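A.B. asks: Fold the stuff below for me.
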Amino acid sequence: QGVLMTGLGTFAMVQECIQCKGEKCVVRRPVFQLDIDVLCLQKLTHPTVVIPGNVKIKPLNYKWLSRATSFPRHVVEGCVEETIALYSFQLRNGQRLAFAFKDIGVLSCKDGVLCMRFYYDCVTGLESKARWFALLCT
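C.D. replies: Here you go, the predicted model:
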């Protein structure tokens, strides 16, 4: 399953079949498919991530976020939209700030490359048997 954050990108969990020592192993790992305005990405490179078509993508659940934060839904939606707009503006103006996602990872720009770096616990939390393969693939 995946979550679309309009104007920023899509977080998803993908499964990959990996061959190791003659054994096939299915590994689950997080991915982030960037979907920022092209003007923001001038002079930046970013990894091309393709989320398979069989992964269900849902929009960000503002109703759940509203309940979790005790803020009205319209306030939560406005905060998310304004935060994404501000981050895009900063990228467009050459500022290379990191964008942290609690318990997931950090979207950061280093040496002209904008990419998502997932936290160790996020990757290993998805995969119980083949954690090291999931870490290497991520």
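A.B. asks: Do a quick rundown of the strands in the chain.
C.D. replies: For the chain, applying DSSP state E gives strands covering 2-5, 9-20, 23-34, 57-59, 99-101, 105-110, 113-118.
A.B. asks: got a list of contacts for the last one?
C.D. replies: In this structure, residues lying in contact with strand 113-118 by Cβ atoms under 8 Å, 6 or more residues apart in numbering are 30-32, 34, 41, 44-47, 91, 104-108, 138. The C-beta positions use only the backbone N, C-alpha and C, and glycine is treated the same way.
A.B. asks: which non-adjacent residue is nearest the residue minimising distance to the centre of the chain?
C.D. replies: Centroid check for the chain by Cα atoms, centre = their mean gives residue 32 as the closest residue, at 3.5 Å. Spatially, and ignoring its direct neighbours in sequence, residue 32 is nearest to residue 116 (3.7 Å; Cβ to Cβ, 6 or more residues apart in numbering).
A.B. asks: Count the residues that sit near the one you found.
C.D. replies: 22 (other Cβ atoms under 10 Å).
A.B. asks: per-residue confidence at residue 5?
C.D. replies: pLDDT, residue 5: 94.
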